[in-house]
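Enquirer: sequence unknown, structure follows:
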(Lines give C-alpha, C1' and ligand atoms only; values in the text may rest on other atoms or scores of the structure.)
Protein backbone atom coordinates (compact mmCIF):
# COMPACT_ATOMS: atom_id res chain seq x y z
CA UNK A 1 0.00 0.00 0.00
CA UNK A 2 2.83 2.37 0.83
CA UNK A 3 4.48 1.75 -2.54
CA UNK A 4 1.21 2.50 -4.35
CA UNK A 5 0.79 5.79 -2.48
CA UNK A 6 4.36 6.82 -3.31
CA UNK A 7 3.85 5.91 -6.96
CA UNK A 8 0.63 7.94 -7.23
CA UNK A 9 2.26 10.91 -5.50
CA UNK A 10 5.24 10.88 -7.87
CA UNK A 11 2.96 10.49 -10.89
CA UNK A 12 0.84 13.44 -9.80
CA UNK A 13 3.93 15.61 -9.34
CA UNK A 14 5.22 14.82 -12.84
CA UNK A 15 1.76 15.68 -14.22
CA UNK A 16 1.83 19.07 -12.50
CA UNK A 17 5.31 19.81 -13.91
CA UNK A 18 4.41 19.08 -17.55
CA UNK A 19 1.03 20.78 -17.24
CA UNK A 20 2.67 23.87 -15.76
CA UNK A 21 5.17 24.18 -18.61
CA UNK A 22 2.41 23.73 -21.20
CA UNK A 23 0.06 26.15 -19.45
CA UNK A 24 2.52 29.02 -19.10
CA UNK A 25 4.58 28.62 -22.27
CA UNK A 26 2.83 26.50 -24.95
CA UNK A 27 -0.96 26.63 -24.78
CA UNK A 28 -1.23 29.88 -26.77
CA UNK A 29 1.32 28.89 -29.40
CA UNK A 30 0.42 27.61 -32.86
CA UNK A 31 2.86 24.67 -33.17
CA UNK A 32 0.14 22.16 -32.33
CA UNK A 33 2.01 19.03 -33.43
CA UNK A 34 4.89 19.89 -31.14
CA UNK A 35 2.44 20.47 -28.30
CA UNK A 36 0.81 17.12 -28.96
CA UNK A 37 4.11 15.23 -28.60
CA UNK A 38 5.04 17.26 -25.56
CA UNK A 39 1.77 16.37 -23.84
CA UNK A 40 2.18 12.72 -24.80
CA UNK A 41 5.72 12.75 -23.41
CA UNK A 42 4.42 14.18 -20.16
CA UNK A 43 1.76 11.49 -19.97
CA UNK A 44 4.24 8.67 -20.56
CA UNK A 45 6.67 10.22 -18.07
CA UNK A 46 3.96 10.33 -15.42
CA UNK A 47 3.36 6.62 -16.10
CA UNK A 48 6.98 5.42 -16.18
CA UNK A 49 9.25 7.76 -14.20
CA UNK A 50 7.73 6.95 -10.78
CA UNK A 51 8.97 3.37 -11.21
CA UNK A 52 12.57 4.59 -11.40
CA UNK A 53 14.44 5.55 -8.26
CA UNK A 54 17.94 6.96 -8.47
CA UNK A 55 20.31 5.24 -6.04
CA UNK A 56 23.78 6.20 -4.86
CA UNK A 57 26.28 3.90 -3.14
CA UNK A 58 27.46 4.32 0.44
CA UNK A 59 30.50 2.15 1.20
CA UNK A 60 30.94 0.85 4.74
CA UNK A 61 33.91 -1.23 5.89
CA UNK A 62 33.32 -3.55 8.83
CA UNK A 63 35.83 -5.67 10.71
CA UNK A 64 33.12 -8.25 11.42
CA UNK A 65 32.87 -11.31 9.22
CA UNK A 66 29.10 -11.61 9.11
CA UNK A 67 27.02 -14.00 7.10
CA UNK A 68 24.65 -12.82 4.43
CA UNK A 69 21.72 -13.37 6.73
CA UNK A 70 22.62 -10.37 8.90
CA UNK A 71 20.71 -7.24 7.98
CA UNK A 72 22.30 -3.84 8.50
CA UNK A 73 18.94 -2.12 8.89
CA UNK A 74 16.34 -2.56 11.49
CA UNK A 75 13.58 -4.91 10.50
CA UNK A 76 10.15 -3.63 11.33
CA UNK A 77 7.55 -6.14 12.27
CA UNK A 78 4.36 -6.21 10.28
CA UNK A 79 1.68 -5.05 12.66
CA UNK A 80 -1.05 -4.72 10.01
CA UNK A 81 -2.76 -1.63 8.62
CA UNK A 82 -5.19 0.59 10.49
CA UNK A 83 -8.83 0.75 9.43
CA UNK A 84 -8.56 4.08 7.60
CA UNK A 85 -5.98 2.58 5.24
CA UNK A 86 -8.49 -0.05 4.14
CA UNK A 87 -11.17 2.64 3.74
CA UNK A 88 -8.93 4.72 1.47
CA UNK A 89 -7.91 1.68 -0.54
CA UNK A 90 -11.53 0.65 -0.99
CA UNK A 91 -12.54 4.15 -2.08
CA UNK A 92 -9.70 4.31 -4.59
CA UNK A 93 -10.59 0.96 -6.12
CA UNK A 94 -14.28 1.90 -6.23
CA UNK A 95 -13.46 5.05 -8.22
CA UNK A 96 -11.40 3.03 -10.71
CA UNK A 97 -14.18 0.48 -11.15
CA UNK A 98 -16.77 3.20 -11.71
CA UNK A 99 -14.77 4.89 -14.47
CA UNK A 100 -13.93 1.59 -16.15
CA UNK A 101 -17.59 0.63 -16.21
CA UNK A 102 -18.54 4.03 -17.64
CA UNK A 103 -16.03 3.69 -20.48
CA UNK A 104 -17.18 0.14 -21.15
CA UNK A 105 -20.81 1.29 -21.27
CA UNK A 106 -19.91 3.96 -23.83
CA UNK A 107 -18.15 1.46 -26.08
CA UNK A 108 -21.11 -0.95 -25.85
CA UNK A 109 -23.49 1.89 -26.76
CA UNK A 110 -21.45 2.61 -29.90
CA UNK A 111 -21.55 -1.06 -30.86
CA UNK A 112 -25.33 -1.10 -30.51
CA UNK A 113 -25.64 1.94 -32.77
CA UNK A 114 -23.39 0.32 -35.37
CA UNK A 115 -25.48 -2.85 -35.39
CA UNK A 116 -28.72 -0.83 -35.53
CA UNK A 117 -27.90 1.70 -38.23
CA UNK A 118 -24.99 0.10 -40.02
CA UNK A 119 -21.99 1.93 -41.45
CA UNK A 120 -20.37 2.74 -44.78
CA UNK A 121 -16.62 2.37 -45.24
CA UNK A 122 -14.71 4.96 -47.23
CA UNK A 123 -11.10 6.23 -47.32
CA UNK A 124 -9.93 4.49 -44.16
CA UNK A 125 -12.90 5.38 -41.97
CA UNK A 126 -16.45 4.14 -41.31
CA UNK A 127 -19.34 6.59 -41.40
CA UNK A 128 -22.44 6.07 -39.25
CA UNK A 129 -25.47 8.34 -39.70
CA UNK A 130 -27.87 8.21 -36.80
CA UNK A 131 -30.39 10.49 -35.03
CA UNK A 132 -29.25 9.19 -31.61
CA UNK A 133 -26.86 12.12 -31.10
CA UNK A 134 -27.18 15.81 -31.85
CA UNK A 135 -23.44 16.29 -32.32
CA UNK A 136 -20.92 14.75 -34.67
CA UNK A 137 -17.92 12.96 -33.22
CA UNK A 138 -15.36 10.28 -33.98
CA UNK A 139 -14.16 7.30 -31.97
CA UNK A 140 -11.35 5.08 -33.20
CA UNK A 141 -11.91 4.96 -36.98
CA UNK A 142 -15.70 5.53 -36.75
CA UNK A 143 -17.31 8.88 -37.57
CA UNK A 144 -20.84 9.36 -36.23
CA UNK A 145 -23.00 12.17 -37.68
CA UNK A 146 -26.56 13.31 -37.06
CA UNK A 147 -28.62 12.57 -40.19
CA UNK A 148 -31.43 14.89 -39.06
CA UNK A 149 -29.23 17.94 -38.48
CA UNK A 150 -30.48 21.01 -40.32
CA UNK A 151 -27.18 21.74 -42.01
CA UNK A 152 -26.24 22.60 -45.52
CA UNK A 153 -24.20 20.27 -47.66
CA UNK A 154 -21.14 22.53 -47.22
CA UNK A 155 -21.43 22.43 -43.43
CA UNK A 156 -21.71 18.66 -43.44
CA UNK A 157 -18.63 18.51 -45.67
CA UNK A 158 -16.63 20.68 -43.24
CA UNK A 159 -17.76 18.68 -40.24
CA UNK A 160 -16.84 15.43 -41.98
CA UNK A 161 -13.41 16.85 -42.91
CA UNK A 162 -12.86 17.87 -39.30
CA UNK A 163 -13.74 14.44 -37.89
CA UNK A 164 -11.75 12.69 -40.61
CA UNK A 165 -8.68 14.67 -39.45
CA UNK A 166 -9.12 13.19 -35.99
CA UNK A 167 -9.23 9.70 -37.45
CA UNK A 168 -6.22 10.10 -39.76
CA UNK A 169 -4.08 11.67 -37.03
CA UNK A 170 -5.08 8.84 -34.64
CA UNK A 171 -6.10 11.14 -31.82
CA UNK A 172 -7.94 8.24 -30.25
CA UNK A 173 -4.57 6.84 -29.12
CA UNK A 174 -3.89 9.97 -27.07
CA UNK A 175 -7.40 9.89 -25.63
CA UNK A 176 -7.12 6.23 -24.70
CA UNK A 177 -3.86 6.83 -22.79
CA UNK A 178 -5.29 9.97 -21.22
CA UNK A 179 -8.44 8.21 -20.03
CA UNK A 180 -6.40 5.36 -18.59
CA UNK A 181 -4.22 7.84 -16.74
CA UNK A 182 -7.25 9.71 -15.40
CA UNK A 183 -8.76 6.43 -14.30
CA UNK A 184 -5.70 5.72 -12.15
CA UNK A 185 -5.46 9.35 -11.02
CA UNK A 186 -9.19 10.07 -10.71
CA UNK A 187 -8.64 11.88 -7.40
CA UNK A 188 -6.10 14.24 -8.98
CA UNK A 189 -7.75 17.33 -10.52
CA UNK A 190 -4.60 18.15 -12.51
CA UNK A 191 -4.95 14.85 -14.38
CA UNK A 192 -8.38 15.86 -15.69
CA UNK A 193 -7.13 19.32 -16.64
CA UNK A 194 -4.25 17.64 -18.46
CA UNK A 195 -6.67 15.48 -20.46
CA UNK A 196 -8.79 18.53 -21.26
CA UNK A 197 -5.72 20.32 -22.68
CA UNK A 198 -4.95 17.29 -24.83
CA UNK A 199 -8.47 17.31 -26.29
CA UNK A 200 -8.29 21.04 -26.94
CA UNK A 201 -5.00 20.64 -28.80
CA UNK A 202 -6.60 17.86 -30.89
CA UNK A 203 -9.29 20.29 -31.97
CA UNK A 204 -6.63 22.84 -32.93
CA UNK A 205 -4.93 20.17 -35.07
CA UNK A 206 -8.19 19.18 -36.78
CA UNK A 207 -9.14 22.83 -37.44
CA UNK A 208 -5.71 23.45 -38.93
CA UNK A 209 -6.02 20.39 -41.18
CA UNK A 210 -9.41 21.56 -42.51
CA UNK A 211 -8.17 25.08 -43.24
CA UNK A 212 -5.06 23.74 -44.99
CA UNK A 213 -7.42 22.06 -47.49
CA UNK A 214 -8.35 25.52 -48.78
CA UNK A 215 -11.71 26.04 -47.08
CA UNK A 216 -12.81 29.56 -46.16
CA UNK A 217 -12.00 30.57 -42.59
CA UNK A 218 -15.22 32.64 -42.34
CA UNK A 219 -17.44 29.76 -43.45
CA UNK A 220 -15.65 27.32 -41.17
CA UNK A 221 -16.00 29.65 -38.17
CA UNK A 222 -19.71 30.04 -38.90
CA UNK A 223 -20.12 26.27 -39.08
CA UNK A 224 -18.32 25.90 -35.77
CA UNK A 225 -20.65 28.40 -34.09
CA UNK A 226 -23.77 26.77 -35.53
CA UNK A 227 -22.84 23.31 -34.28
CA UNK A 228 -23.02 23.59 -30.54
CA UNK A 229 -22.88 20.54 -28.33
CA UNK A 230 -26.46 19.50 -27.60
CA UNK A 231 -25.84 16.24 -25.75
CA UNK A 232 -23.10 14.77 -23.66
CA UNK A 233 -20.56 12.87 -25.71
CA UNK A 234 -18.59 9.86 -24.48
CA UNK A 235 -15.21 10.42 -22.88
CA UNK A 236 -13.23 8.57 -25.55
CA UNK A 237 -14.55 10.54 -28.53
CA UNK A 238 -13.44 13.66 -30.38
CA UNK A 239 -16.37 15.96 -31.08
CA UNK A 240 -16.59 18.78 -33.60
CA UNK A 241 -18.20 21.24 -31.16
CA UNK A 242 -16.92 19.75 -27.92
CA UNK A 243 -14.28 22.31 -26.92
CA UNK A 244 -14.42 26.10 -26.49
CA UNK A 245 -15.45 27.47 -29.87
CA UNK A 246 -14.29 31.02 -29.13
CA UNK A 247 -10.80 29.80 -28.20
CA UNK A 248 -10.60 27.77 -31.39
CA UNK A 249 -11.69 30.74 -33.50
CA UNK A 250 -9.08 32.91 -31.81
CA UNK A 251 -6.33 30.39 -32.51
CA UNK A 252 -7.38 30.21 -36.20
CA UNK A 253 -6.75 33.95 -36.57
CA UNK A 254 -3.46 33.96 -34.66
CA UNK A 255 -0.24 34.21 -36.70
CA UNK A 256 2.26 31.38 -36.58
CA UNK A 257 4.43 31.31 -33.45
CA UNK A 258 8.20 31.55 -33.61
CA UNK A 259 10.07 28.26 -33.47
CA UNK A 260 12.46 29.53 -30.78
CA UNK A 261 9.59 29.35 -28.27
CA UNK A 262 9.80 25.57 -28.44
CA UNK A 263 13.03 25.71 -26.43
CA UNK A 264 11.04 26.75 -23.38
CA UNK A 265 10.29 23.07 -22.83
CA UNK A 266 13.91 22.68 -21.72
CA UNK A 267 12.84 24.27 -18.45
CA UNK A 268 11.40 20.92 -17.51
CA UNK A 269 14.81 19.21 -17.42
CA UNK A 270 16.12 20.79 -14.17
CA UNK A 271 12.75 20.20 -12.53
CA UNK A 272 12.83 16.51 -13.43
CA UNK A 273 16.43 16.28 -12.23
CA UNK A 274 15.39 17.82 -8.92
CA UNK A 275 12.59 15.28 -8.50
CA UNK A 276 14.97 12.39 -9.21
CA UNK A 277 17.40 13.77 -6.64
CA UNK A 278 14.65 14.38 -4.07
CA UNK A 279 13.44 10.77 -4.28
CA UNK A 280 16.94 9.25 -4.44
CA UNK A 281 17.79 6.45 -1.99
CA UNK A 282 21.17 5.37 -0.62
CA UNK A 283 22.37 1.83 -1.23
CA UNK A 284 24.52 0.54 1.64
CA UNK A 285 27.51 -1.60 0.63
CA UNK A 286 29.30 -3.41 3.47
CA UNK A 287 32.68 -5.00 2.85
CA UNK A 288 34.74 -7.07 5.28
CA UNK A 289 38.02 -5.61 6.47
CA UNK A 290 39.64 -3.57 9.22
CA UNK A 291 38.06 -0.40 10.48
CA UNK A 292 39.05 2.52 8.28
CA UNK A 293 41.62 4.91 9.75
CA UNK A 294 41.24 7.51 7.01
CA UNK A 295 41.73 11.01 8.32
CA UNK A 296 43.56 9.95 11.52
CA UNK A 297 47.27 10.51 12.24
CA UNK A 298 49.42 7.77 10.79
CA UNK A 299 51.01 5.60 13.45
CA UNK A 300 54.13 3.71 12.44
CA UNK A 301 54.68 0.65 14.61
CA UNK A 302 58.09 -0.94 14.62
CA UNK A 303 58.71 -4.57 15.27
CA UNK A 304 60.95 -5.00 18.31
CA UNK A 305 63.50 -7.76 18.52
CA UNK A 306 64.06 -9.12 22.01
CA UNK A 307 67.13 -11.29 22.48
CA UNK A 308 67.28 -13.61 25.47
CA UNK A 309 70.95 -14.38 26.34
CA UNK A 310 72.04 -17.23 28.54
CA UNK A 311 75.58 -16.63 29.69
CA UNK A 312 77.86 -19.61 29.04
CA UNK A 313 81.46 -18.48 29.21
CA UNK A 314 83.05 -15.11 29.73
CA UNK A 315 86.53 -14.32 28.53
CA UNK A 316 87.77 -10.95 29.67
CA UNK A 317 90.30 -9.46 27.32
CA UNK A 318 90.25 -5.89 28.51
CA UNK A 319 89.94 -4.11 30.77
CA UNK A 320 90.98 -6.31 33.67
CA UNK A 321 88.38 -7.06 36.22
CA UNK A 322 89.09 -5.66 39.65
CA UNK A 323 89.35 -8.07 42.47
CA UNK A 324 86.47 -8.00 44.76
CA UNK A 325 86.86 -7.53 48.47
CA UNK A 326 86.66 -10.69 50.51
CA UNK A 327 83.73 -9.36 52.43
CA UNK A 328 81.73 -9.15 49.24
CA UNK A 329 79.73 -12.23 48.68
CA UNK A 330 79.55 -13.68 45.25
CA UNK A 331 76.13 -13.38 43.74
CA UNK A 332 74.45 -16.50 42.57
CA UNK A 333 74.85 -17.26 38.92
CA UNK A 334 71.66 -16.12 37.19
CA UNK A 335 70.94 -16.06 33.48
CA UNK A 336 70.84 -12.50 32.20
CA UNK A 337 68.56 -10.91 29.65
CA UNK A 338 70.10 -8.31 27.38
CA UNK A 339 68.29 -6.20 24.85
CA UNK A 340 70.52 -5.44 21.88
CA UNK A 341 69.62 -2.38 19.95
CA UNK A 342 72.63 -2.17 17.67
CA UNK A 343 74.62 -4.96 16.01
CA UNK A 344 78.01 -4.24 17.73
CA UNK A 345 80.87 -6.60 18.55
CA UNK A 346 80.83 -7.93 22.06
CA UNK A 347 83.56 -9.33 24.22
CA UNK A 348 81.08 -11.81 25.58
CA UNK A 349 80.70 -15.10 23.83
CA UNK A 350 77.03 -15.93 23.98
CA UNK A 351 74.31 -18.20 22.73
CA UNK A 352 71.00 -16.47 21.95
CA UNK A 353 67.37 -17.43 21.59
CA UNK A 354 65.39 -14.94 19.42
CA UNK A 355 61.71 -14.38 20.19
CA UNK A 356 59.67 -12.25 17.72
CA UNK A 357 56.56 -10.46 18.99
CA UNK A 358 53.99 -9.98 16.17
CA UNK A 359 52.41 -6.60 15.50
CA UNK A 360 49.16 -6.06 17.34
CA UNK A 361 46.44 -4.42 15.27
CA UNK A 362 44.32 -1.80 17.03
CA UNK A 363 40.86 -3.06 17.89
CA UNK A 364 37.74 -0.83 17.85
CA UNK A 365 35.43 -0.42 20.80
CA UNK A 366 32.57 -2.89 20.76
CA UNK A 367 29.17 -2.28 22.36
CA UNK A 368 26.42 -4.89 22.33
CA UNK A 369 23.06 -3.37 23.27
CA UNK A 370 24.90 -0.53 25.05
CA UNK A 371 27.21 -2.83 27.03
CA UNK A 372 30.91 -2.67 26.24
CA UNK A 373 32.60 -5.93 25.37
CA UNK A 374 36.20 -6.81 24.86
CA UNK A 375 35.55 -8.80 21.70
CA UNK A 376 32.81 -9.97 19.38
CA UNK A 377 33.47 -13.65 19.96
CA UNK A 378 30.44 -15.70 20.81
CA UNK A 379 27.96 -13.59 18.85
CA UNK A 380 25.68 -15.48 16.53
CA UNK A 381 25.27 -13.52 13.26
CA UNK A 382 21.70 -14.76 12.97
CA UNK A 383 20.82 -13.02 16.26
CA UNK A 384 22.11 -9.60 15.15
CA UNK A 385 19.45 -7.10 14.10
CA UNK A 386 21.53 -4.01 13.23
CA UNK A 387 25.16 -2.87 13.12
CA UNK A 388 26.31 0.73 13.38
CA UNK A 389 29.94 1.58 12.64
CA UNK A 390 31.41 4.93 13.73
CA UNK A 391 34.84 6.05 12.67
CA UNK A 392 37.18 8.99 12.55
CA UNK A 393 35.82 12.23 14.04
CA UNK A 394 32.35 10.92 14.82
CA UNK A 395 33.78 8.16 17.02
CA UNK A 396 36.31 10.41 18.80
CA UNK A 397 33.71 13.12 19.38
CA UNK A 398 31.60 10.74 21.45
CA UNK A 399 34.23 8.49 23.07
CA UNK A 400 37.35 10.64 23.00
CA UNK A 401 40.72 8.98 22.55
CA UNK A 402 39.16 5.55 23.15
CA UNK A 403 37.26 5.89 19.90
CA UNK A 404 40.37 6.54 17.80
CA UNK A 405 40.27 3.02 16.34
CA UNK A 406 36.53 3.20 15.65
CA UNK A 407 33.39 2.15 17.49
CA UNK A 408 31.04 -0.70 16.59
CA UNK A 409 27.56 -0.76 18.09
CA UNK A 410 25.61 -3.99 17.71
CA UNK A 411 21.89 -4.34 18.34
CA UNK A 412 20.65 -7.84 19.02
CA UNK A 413 17.19 -9.04 18.09
CA UNK A 414 14.62 -8.62 20.83
CA UNK A 415 14.08 -12.34 21.18
CA UNK A 416 17.77 -12.84 22.10
CA UNK A 417 18.43 -9.84 24.38
CA UNK A 418 17.39 -11.66 27.55
CA UNK A 419 19.66 -14.61 26.82
CA UNK A 420 22.56 -12.26 26.09
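Expert: Arrived safely, thanks for sending. Please read all numbers here as calculations on a predicted model, not as lab measurements.
Enquirer: helices and strands around the strand or helix carrying residue 15, which ones?
Expert: Assigned by DSSP states H and E, residue 15 belongs to helix 2-21. Packing partners of helix 2-21 (3 or more Cβ pairs under 8 Å, 6 or more residues apart in numbering; DSSP states H and E): helix 32-48, helix 189-212, helix 268-278. (Each C-beta comes from the backbone N, C-alpha and C, glycine too.)
Enquirer: Could you say which one of the ones you listed comes nearest to residue 286?
Expert: With Cβ to Cβ as the criterion, residue 286 lies closest to helix 268-278 of these, at 24.5 Å.
Enquirer: picking that back up, list the buried ones in the helix holding residue 15?
Expert: Neighbour counts over helix 2-21 (16 or more other Cβ atoms under 10 Å) mark 8, 10, 11, 12, 13, 14, 15, 16, 17, 18, 19, 21 as buried.
Enquirer: now that helix: mean pLDDT?
Expert: Helix 2-21 shows a mean pLDDT of 91 in the predicted model.
Enquirer: Now do it: everything it contacts.
Expert: Under the criterion Cβ atoms under 8 Å, 6 or more residues apart in numbering, residues 38-39, 41-43, 45-47, 49-51, 184-185, 188, 190-191, 193-194, 197, 264-265, 267-268, 271-272, 275, 279 lie in contact with helix 2-21.
Enquirer: What are the boundaries of the strands in the stretch 101-250 of the chain?
Expert: For the stretch 101-250 of the chain, applying DSSP state E, counting those that start in this stretch gives strands covering 120-122, 125-129, 137-139, 142-145, 238-239.
Enquirer: Any idea how far apart the tips of stretch 123-139 sit?
Expert: In stretch 123-139, first residue to last residue: 16 Å (Cα to Cα, to the nearest Å).
Enquirer: What mean pLDDT does that stretch get?
Expert: Mean per-residue pLDDT for stretch 123-139: 85.
Enquirer: Pull the distance from it to the chain's centre.
Expert: Remark: stretch 123-139 is offset 45 Å from the chain centroid, using Cα atoms, centre = their mean, to the nearest Å.
Enquirer: State the distance from residue 174 to residue 161.
Expert: 20 Å (Cβ to Cβ, to the nearest Å).
Enquirer: ok, those two, which is more surrounded?
Expert: Taking neighbours as other Cβ atoms under 10 Å, residue 174 and residue 161 compare with residue 174 leading, 21 against 17.
Enquirer: Quick check: closest non-adjacent residue to the more buried one.
Expert: Once flanking residues are discounted, residue 174 sits nearest to residue 198: 5.6 Å by Cβ to Cβ, 6 or more residues apart in numbering.
Enquirer: Now do that neighbour against residue 408, distance only.
Expert: If you go by Cβ to Cβ, the gap between residue 198 and residue 408 works out to 57 Å.
Enquirer: Please apply the same query to residue 255.
Expert: Using Cβ to Cβ, residue 255 is found at 72 Å from residue 408.
Enquirer: okay, those two: which has more neighbours?
Expert: Between residue 255 and residue 408, counting by other Cβ under 10 Å, residue 408 is the more crowded of the two (22 against 6).
Enquirer: I'd like to know the beta-bridge partner residues of that one.
Expert: Following DSSP bridges, residue 408 is listed with bridge partners residue 366, residue 389.
Enquirer: Just to check, it is in contact with residue 365?
Expert: Yes - here residue 408 reaches residue 365: they are 7.0 Å apart, a contact under Cβ atoms under 8 Å.
Enquirer: Quick one: end-to-end distance for stretch 271-285.
Expert: 29 Å.
Enquirer: And that stretch, what's buried?
Expert: 271, 275, 279.
Enquirer: ok, the buried residues of helix 2-21 vs residue 59, which is closest?
Expert: Nearest to residue 59 among those: residue 10, at 27.9 Å, using Cβ to Cβ.
Enquirer: Can you report how many residues lie near the closest residue to residue 26 other than its chain neighbours?
Expert: In this structure, residue 26 finds its nearest non-sequential neighbour in residue 35, 5.3 Å apart by Cβ to Cβ, 6+ apart. Neighbour count of residue 35, defined by other Cβ under 10 Å: 22.
Enquirer: quick one: contacts for residue 35?
Expert: So residue 35 contacts 22, 26, 27, 29, 201 (Cβ under 8 Å, 6+ apart).
Enquirer: Check the gap between the residue nearest to residue 174 and residue 31 for me.
Expert: The spacing between residue 198 and residue 31, counted by Cβ to Cβ, is 15 Å.
Enquirer: count of residues packed around residue 86?
Expert: 12.
Enquirer: if I've got this straight, it is in a helix?
Expert: Yes - going by DSSP: H, G, I helix; E, B strand; the rest coil, the assignment for residue 86 places it inside a helix.
Enquirer: That one and residue 1: what is the separation?
Expert: Distance from residue 86 to residue 1, by Cβ to Cβ: 9 Å.
Enquirer: Same question for residue 180.
Expert: Remark: distance between residue 180 and residue 1 (Cβ to Cβ) = 22 Å.
Enquirer: Am I right that residue 364 is in contact with residue 405?
Expert: Yes - the pair residue 364 / residue 405 is scored as a contact, 4.8 Å apart, by Cβ under 8 Å.
Enquirer: Same drill for the two, tell me which one is more crowded.
Expert: residue 364 (22 against 19).
Enquirer: so what's the more buried one scoring on pLDDT?
Expert: pLDDT, residue 364: 83.
Enquirer: Backbone torsions only: list them for it.
Expert: Backbone geometry at residue 364, expressed as degrees, to the nearest 10, gives phi -80, psi 160.
Enquirer: ok, the residue nearest to residue 117 when sequence neighbours are not counted - how many residues close by?
Expert: Using Cβ to Cβ, 6+ apart and skipping the chain neighbours, the partner closest in space to residue 117 is residue 130 (4.7 Å). When neighbours are counted by other Cβ under 10 Å, residue 130 registers 16.
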